[in-house]
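Student: here is my input; please provide its structure:
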Amino acid sequence: MMQTVEPISQRRYDLIARRRRDERFRFGVTTTKIYCRSGCPARTPRREHVVAFVDAASAELAGFRACKRCAPREESPDGERVRAIARACALLDGPEPPPLDAVAQAIGLSRFHFQRLFRQVVGVTPGEYRRARRAERLRAELGAGARVTDALLEAGFGSPSRAYEDDPLGMTPSTYRAGGRGERIAYASAACDLGTVLVATTARGVCAIELGDDATHVRAALARRFPHAQLEPAPGELRDALSSVVRAVEEPEVAQALSLDVRGTAFQRRVWRALRALRSGETTTYAQLAAALGRPGAARAVAAACAANPVAIAVPCHRVVGSEGGLRGYRWGVERKRALLAREAKPA
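Tutor: Alright, predicted model coming up:
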């Protein structure tokens, strides 16, 4: 366990000086024997007086006292509010959650402040969270082999029709219970400037776009994504959709309209919607995107949502870069990401 250490690294000291939050370390000031979290509003100490600690326990073991302004013992500076929202989540997790007004009252907040705070902490609205949890219960019941009607009632749907109206699975409950088996997914592939692109669709829209070195590679990637679906090559049927995606790769300044059928968590869908709002040639960082979604500490969750993106190009996760402009990982290869960004940077 780290106790007193050498003077803090320049990167971490810069975070302290800019009052940027990073929960992966605490820092102590040797002249006052007080330790803080980065982001503390107190005056920035001189670097030669600053040491780093892994956590609060390490700082206290070394004889430092907790700062009263930034409360570094707490898991976050908003620990009390986070705990309140955790209680709200516990109430919403049950199969028969109370009305949102009752949840807000139970944690001592008005309906308005509850809605706002819940979205800040969790990243989605209470209603979105409740629907997502209900869908998770439905998946669990179906996965355990329950009859469809029983699973719907156990998950908290008032009637079977509500599940079909809400479409929590992206497919009918009976199809989901069978692991997607029997759902028809049509696909087609073509050469493009980045190798080979594959487009796959359900009856509701494009469900996958894959990039790879050749047709065999992208077909294998599709099979891994939908192991139990009925995959059918349909180049004629998907001619227009495939042409639109190829054009989006080669002429990114030209907007392409595609109907999508993407499945993900409520937070993933929020990230994907935000990415689709970015214009060609515009980039953002994981931290900036997290902040725009009301989740300033969720940069890693944003990166995970980008990695789970099933429709490359249509949801342009290549437009998200590292905090210093560097290219982070890209499921279809960093070189493809670099090529896409370079093409979009050129004047139309």
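Student: so for stretch 275-286, what gets flagged as buried?
Tutor: Residues of stretch 275-286 classed as buried by neighbour count (16 or more other C-beta atoms under 10 Å): 275, 278, 280, 284, 285, 286. Placement of C-beta: from N, CA and C, glycine included.
Student: could you work out the most separated pair of these?
Tutor: Across the buried residues of stretch 275-286, no pair lies farther apart than 280 and 286, at 19.7 Å, counting by C-beta to C-beta.
Student: skip the chain neighbours and tell me the closest residue to residue 307.
Tutor: Counting by C-beta to C-beta, 6 or more residues apart in numbering, residue 331 is the residue found nearest to residue 307 once chain neighbours are left out, at 6.0 Å.
Student: what pLDDT does the model give that neighbour?
Tutor: At residue 331, the model reports a pLDDT of 79.
Student: same deal with residue 153?
Tutor: The per-residue pLDDT reported for residue 153 equals 45.
Student: find the residue ranges of this structure scoring beneath the pLDDT cut-off.
Tutor: Scanning the chain with the threshold set as pLDDT under 70 gives 1-7, 75-80, 82, 94-95, 121-124, 132-182, 253-257, 324-326, 328, 346-348.
Student: follow-up on the earlier one: taking the buried residues of stretch 275-286 one by one, which sit in strands?
Tutor: Judged by DSSP state E, the buried residues of stretch 275-286 include 284, 285 as members of strands.
Student: could the buried residues of stretch 275-286 be laid out in a markdown table, adding distance to residue 185?
Tutor: Shown next, in a markdown table, are the buried residues of stretch 275-286 (distance: C-beta to C-beta, whole Å):
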| residue | distance to residue 185 |
| --- | --- |
| 275 | 23 |
| 278 | 28 |
| 280 | 28 |
| 284 | 31 |
| 285 | 34 |
| 286 | 31 |
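Student: which one of the buried residues of stretch 275-286 is nearest residue 107?
Tutor: Nearest to residue 107, judged by C-beta to C-beta, of the buried residues of stretch 275-286 is residue 286 at 30.1 Å.
Student: the nearest residue to the closest one once chain neighbours are set aside: what's it in contact with?
Tutor: The shortest distance from residue 286 to any non-neighbouring residue, by C-beta to C-beta, 6+ apart, is to residue 299 (4.1 Å). Residue 299 sits next to 285, 286, 287, 289, 290 when contact means C-beta atoms under 8 Å, 6 or more residues apart in numbering.
Student: the third one touches residue 296, doesn't it?
Tutor: Okay, so that is residue 287. Yes. Judged on C-beta atoms under 8 Å, residue 287 makes contact with residue 296 at a distance of 7.4 Å.
Student: so which of these two has more stuff around it?
Tutor: Using other C-beta atoms under 10 Å, the more surrounded residue of residue 287 and residue 296 is residue 287, with 19 against 14.
Student: show me what the strand or helix carrying residue 52 is packed against.
Tutor: Following DSSP states H and E, the helix or strand that holds residue 52 is strand 50-53. The contact analysis (3 or more C-beta pairs under 8 Å, 6 or more residues apart in numbering; DSSP states H and E) places strand 50-53 against helix 10-17, strand 26-29.
Student: closest to residue 314 out of these?
Tutor: Residue 314 sits nearest to helix 10-17 of all the helices and strands packed on strand 50-53, at 35.2 Å, using C-beta to C-beta.
Student: the strands in the stretch 151-300 of the chain, which residues?
Tutor: Ranges of strands in the stretch 151-300 of the chain, per DSSP state E, counting those that start in this stretch, are 184-192, 195-202, 205-212, 230-233, 284-285.
Student: how about the ones you listed in CSV, adding distance to residue 259?
Tutor: Below are these laid out as CSV (distance: least, C-beta to C-beta, whole Å):
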stretch, distance to residue 259
strand 184-192, 13
strand 195-202, 8
strand 205-212, 4
strand 230-233, 19
strand 284-285, 25
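Student: for those, which one sits closest to residue 224?
Tutor: Nearest to residue 224, of all these, is strand 205-212, at 9.8 Å by C-beta to C-beta.
Student: how many neighbours does the spatially closest residue to residue 311 that is not a sequence neighbour have?
Tutor: Excluding its sequence neighbours, the residue lying closest to residue 311 (C-beta to C-beta, 6+ apart) is residue 209, at 4.5 Å. For residue 209, the count of nearby residues is 26 (other C-beta under 10 Å).
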